[in-house]
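Engineer: Here is a sequence together with a model predicted from it:
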Amino acid sequence: MPEDPTPRPLGRRVFREEIRERLIEDILGGKLAPGERLVETRLAQQFGVSQGPVREALRDLELFGFVVSTSFRGTQVRQISTQDLLEIYPIRAALEGVAAHGAASRIDEPTLTKLADLIDVMRDAANKDDHRTVVEADGAFHRAIVEASGNRMLEHVWQTLRLSITTCVTHSVTHRSLHVIAERHVPLLDALRARDPERAEAAMRRHIEEASEWIRSAHGQSPVTQPASSERAAV
C-alpha cells in the first residue's frame, strides 16, 4: 500500500491537547474568571505557538461547554447561572448514579484506598477551612468513581460536564460546613466497599440530589418532589 504523501505536522495535536488541558485547569482553578475574554493572539504568544492549535483548543473548549463564542464579544469563559446549576444536578445524579452502580462490582482495593484517602484530605482541609482543597478532593473522588465504572462513554460525557460539576461543588461548599461536605462521602465509600450496586447508585443519587436542594433553598425555590424508590426503580 503506497504511503500517504500528505504532510502531517507532528506537534499540532499535542499542542492542541496541551493547550486545551492547561486552559481547562486554569478555568476550573479560578485563574480564568467567568466572563473573561480569551484572545487567540495573546494565548498563542503565551504558549509560544501559532494561532492554529490555540484556535482548535478553543473550539474543543466550546464543545465541552467551558467557553462561549459570539461575533461581538469573541471567546469568553462561560458563566454558569443558578438555573444552569439546577438543570445539571438531575443529569449529574443520573449519570453518576449509573457510574456508582457499575463501579460497585468492578472497583479494586487500590481505588477504594484512594477514595478513603481523598475523604481524609477533605477532613484535613475542613480543619484548615481550606475550601479550594475540599473542592479539588471532592472532584477527584467523583472522577475516581466514574473511571472505576469502566464505562468509557459515560466517562466521556462526564468529562464534558466538568465545568458545571466543579461549579456545583463550589456552590455546595458555600451552603454547608466543610466537615459536613467531607463526611457526606462516607456512605458512598461504604456502599462501594460492600460491592452493592443498588446501594451505591441510591447513595450517589441521594448525595447529589440533596446538594441540589441546598441550592434551591438558598435561592428561595421550591424543593423537587422525588419519586418513591419503587417508582424510581421502575423508570
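Structural biologist: That came through fine.
Engineer: Counting neighbours, what do you get for Ala99?
Structural biologist: Residues near Ala99, counting by other CB atoms under 10 Å, number 25. C-beta coordinates here come from the backbone N, C-alpha and C atoms, glycine included.
Engineer: Check which helix or strand it maps to.
Structural biologist: Assigned by DSSP states H and E, Ala99 falls within helix 82-104.
Engineer: For that helix, give the mean pLDDT please.
Structural biologist: For helix 82-104, mean pLDDT rounds to 92.
Engineer: and the protein, what are its domains?
Structural biologist: Domain assignment for the chain, taken from automatic domain parsing, gives 12-77, 82-234.
Engineer: quick one on the thing from earlier: the helix holding Ala99 - contacts with which helices or strands?
Structural biologist: helix 131-148, helix 152-160, helix 162-172, helix 186-193, helix 197-218 (3 or more CB pairs under 8 Å, 6 or more residues apart in numbering; DSSP states H and E).
Engineer: now that helix and helix 131-148, what's the angle there?
Structural biologist: Using axes from the mean of the first three to the mean of the last three CA atoms, to 10 degrees, the inter-axis angle of helix 82-104 relative to helix 131-148 is 50 degrees.
Engineer: next structured bit after helix 82-104?
Structural biologist: Assigned by DSSP H and E, the successor of helix 82-104 is helix 109-127.
Engineer: Check which helices and strands that following helix is in contact with.
Structural biologist: With contacts defined as 3+ CB pairs under 8 Å, 6+ apart, the packing partners of helix 109-127 are helix 131-148, helix 178-183, helix 186-193.
Engineer: Can you pull up the most central residue in the chain?
Structural biologist: Central residue of the chain (CA atoms, centre = their mean): Arg162, 3.0 Å from the mean position.
Engineer: list the contacts for it?
Structural biologist: By CB atoms under 8 Å, 6 or more residues apart in numbering, Arg162 lies in contact with Ile24, Leu28, Phe64, Phe66, Gly139.
Engineer: so can I have CSV of those residues showing neighbour count, pLDDT and secondary structure?
Structural biologist: Shown next, in CSV, are these (neighbours: other CB atoms under 10 Å; pLDDT from 0 to 100; DSSP: H, G, I helix; E, B strand; the rest coil):
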residue, neighbour count, pLDDT, secondary structure
Ile24, 20, 85, helix
Leu28, 19, 80, helix
Phe64, 16, 81, coil
Phe66, 23, 85, coil
Gly139, 18, 92, helix
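Engineer: Looking at these, spot the one nearest Val77.
Structural biologist: For these, the closest approach to Val77 (CB to CB) belongs to Phe66, at 7.0 Å.
Engineer: In this structure that closest one contacts Arg22, no?
Structural biologist: No: taking contacts as CB atoms under 8 Å, Phe66 lies outside contact range of Arg22: 12.0 Å.
Engineer: Can you convert the helices and strands packed on helix 109-127 into JSON lines and add a column each for distance to Glu209?
Structural biologist: Listed next are these as JSON lines, based on distance: least, CB to CB, whole Å:
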{"stretch": "helix 131-148", "distance to Glu209": "14"}
{"stretch": "helix 178-183", "distance to Glu209": "15"}
{"stretch": "helix 186-193", "distance to Glu209": "13"}
